[in-house]
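Q: Here is the input, now give the coordinates:
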Amino acid sequence: MTLRIVQAQLNFRVGDIAYNLQKHRDAIKKALELKADAILFSELSLTGYPPEDLLLRPEFIKETQHSLEELAKETPDIYCIVGHPLLIESWLYNACSVLLNGKIITQYQKQCLPNYGVFDEARYFSPGKSTCLFSLRDIPTSIIICEDLWKLEPSEKAKHKGAKLLLVPNASPFEINKHEKRFEIITKRAKKHKFSIIYVNQITGQDELVFDGGSMVVNAKGELCHLAKHCEEELSVIDIDVNGNISAQKTITPPQTLTRIYNVLTLGLRDYVQKNHFKSVIIGVSGGIDSALTLALAVDALGKENVYALVMPSRYTASISLEDAEILIKNLDVKSETLSIEPTYQAMLETLKTSFAHTKSDVTEENIQARIRGMLLMSLSNKFGSLVLTTGNRSEIAVGYCTLYGDMVGGYAVLKNIPKTLVYALSHYRNQISSVIPERILTRAPTAELAPNQTDQDVLPPYDILDAILEAYINQSKSSQEIIDKGFDAATVNRVIKMIKGSEYKRKQSAIGPHVDNKSFIKDWRYPVTNGYKG
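A: Predicted structure coming up:
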């Protein structure tokens, strides 16, 4: 006899309990058609993850509980493992219930609550203490949830109870190389405890977080038996023998790193736009690399018919920038418009003429141009209901090489956590799919074109050096001296760190963007604006 389990890697909506409930119903119906014995959903599947402070609302918890009870009543002869918050007396748990034949036959409460980086589960949940063991068609089966797998004790308890099969619902957000880390820990636990592990992750863009799926199955030998699609919904069928064993597959290859990152950016953008009920996006296209990649991502995520490009030249815009912008727009076949900012810029300078008397032209006049462009973008956004995508990258946002209320204007910053060097790598990757970004954009020195003959390197170190310093200081928390000791110029290091600190107030007001690696500029970067620390 074989046991058939469906691994449900699905895209849920945070807070939309009715929608999520129907997703469960539809998946269960499909699992029954596939003659499955069980179906495993992801962590907090009924509410979506992370529900954050929705969990503090009593009615939200009541509605979730009611939906769980309704789903239990409807469940026929199939084991359904469903994630949900569970209130017991005054304690709230991150829980899973096993539904069968109209009843909740057992429950499990997550024991290890992550409270670091982007996670703050200790704010909402109490840790569970009990191990869950039940017979899944005669196979002793245990459940642990997400973070429980990364700590040894929960899986050890499951093995001690006699489990031969471990089910692990997850909500694990994307980070570069995270798939390899997941596989390593799953393999380690499977080999140590000699049981098969079915690990299911959700796929969804949820504000800054993107959950990339990559659900997998590993047998008791630590062999990979199945790997679900990356950033796509999938109902996977897993067949298990009476002893909990699963056959390995030899030709499973995960997507390459650039593919994963590009998929995550498109998924995060698509879900943010669609789940917040925008029908289209608008992007200021300059002829530079950042706006080019942003436009390509938007077309891939939303379709060309839902993307609008706005070109806004000034007296400093080079003819080659306009040519490249025109080629890019034509290649991607999006609607576009050109609005010169020159008349407005002249009017602004005339208005400020008296106030600016006896002063030299400086960054102030440069920022006026950026703010005019921001005003035009937001005016079109207000009139037509399109979401403005801001185009700044991580390197610029880190050091404040961006204009507040100017090029920072927008509702979503798809490149917010993408360093400039990675912007180039992703642009080359996109052109391998189809050549849409003009070659000159890829090779020309980056420039804001807010002053004559301007390049970014007038103010910043070369981007390969800048990104290396940012990686050491921000991601690795190295001190200035430790970075200097790696061989970087001391004056450059100190200047970059000063720029990072001086730009915190800008980042606090910036649009959200997808989390890509640790210490992205979201929940895992929480430095005070008012901050006198010298290190």
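Q: show me the contacts for Ile39.
A: Shown in contact with Ile39 (C-beta atoms under 8 Å, 6 or more residues apart in numbering): Ile5, Val6, Ala8, Ala27, Ile28, Ala31, Ile78, Tyr79, Cys80, Ile81. Placement of C-beta: from N, CA and C, glycine included.
Q: Does the residue nearest the centre of the chain have any beta-bridge partners, and if so which?
A: Using C-alpha atoms, centre = their mean, the residue of the chain that lies closest to the mean C-alpha position is Val210, 2.6 Å off. Legend: beta-bridge partners of Val210 under DSSP bridges are Gly205.
Q: In this structure it contacts Val264, no?
A: Yes - the criterion here is C-beta atoms under 8 Å, and Val210 meets it with Val264 at 4.7 Å.
Q: which neighbours do the two share?
A: Here Val210 and Val264 have Phe174, Cys231, Pro514 as joint contacts, going by C-beta under 8 Å, 6+ apart.
Q: so which of those is the most crowded?
A: Within the shared contacts of Val210 and Val264, Pro514 tops the neighbour count with 30 neighbours, counted by other C-beta atoms under 10 Å.
Q: what sits against Asp407?
A: Shown in contact with Asp407 (C-beta under 8 Å, 6+ apart): Gly284, Ala370, Arg373, Gly374, Thr390, Thr391, Gly392, Ala448.
Q: Secondary structure element for the last one, which one?
A: Take DSSP states H and E as the rule and Ala448 turns out to sit in neither a helix nor a strand.
Q: how close does it sit to Val311?
A: 15 Å (C-beta to C-beta, to the nearest Å).
Q: What of the second one?
A: From Ala370 over to Val311 the distance is 15 Å, taken as C-beta to C-beta.
Q: One more: the fifth one?
A: Separation of Thr390 from Val311 (C-beta to C-beta) stands at 16 Å.
Q: With neighbour numbers in mind, choose between the two.
A: Ranked by neighbour count (other C-beta under 10 Å), Thr390 and Val311 place Thr390 first, with 27 against 21.
Q: Verify the stated contact: the more buried one with Ile512.
A: No - checked against C-beta under 8 Å, the pair Thr390 and Ile512 is beyond contact range at 10.2 Å.
Q: what sits in contact with each of those two?
A: Residues touching both Thr390 and Ile512 by C-beta under 8 Å, 6+ apart: Tyr412, Ala413, Lys416.
Q: ok, the nearest residue to the second one once chain neighbours are set aside - how many residues close by?
A: Leaving aside its chain neighbours, Ala413 sits nearest to Gly513 (3.7 Å; criterion: C-beta to C-beta, 6 or more residues apart in numbering). Neighbour count for Gly513, taken as other C-beta under 10 Å: 29.
Q: any idea how far Gly513 is from Arg394?
A: 9 Å.
Q: any residues in contact with both of those two?
A: Common contact partners of Gly513 and Arg394 (C-beta under 8 Å, 6+ apart): Leu415, Lys416, Asn417, Phe521.
Q: Which elements pack onto the helix or strand Leu166 falls within?
A: Using DSSP H and E, Leu166 sits within strand 165-169. With contacts defined as 3 or more C-beta pairs under 8 Å, 6 or more residues apart in numbering; DSSP states H and E, strand 165-169 has these neighbours: strand 79-88, strand 139-143, helix 178-193, strand 196-200.
Q: What mean pLDDT does the first one get?
A: Put plainly, it is strand 79-88. For strand 79-88, mean pLDDT rounds to 97.
Q: what angle do it and strand 165-169 make?
A: Strand 79-88 runs at 60 degrees relative to strand 165-169, counting by axes from the mean of the first three to the mean of the last three C-alpha atoms, to 10 degrees.
Q: Name every strand pairing with whichever helix or strand comes after strand 79-88 and say which way it goes.
A: Per DSSP H and E, the first helix or strand lying C-terminal to strand 79-88 is strand 91-100. As defined by DSSP bridges, the strand partners of strand 91-100 come to strand 79-88 (antiparallel), strand 103-109 (antiparallel).
Q: between these, which one is nearest to Gly406?
A: Among the strands paired with strand 91-100, strand 79-88 comes nearest to Gly406, with 41.9 Å by C-beta to C-beta.
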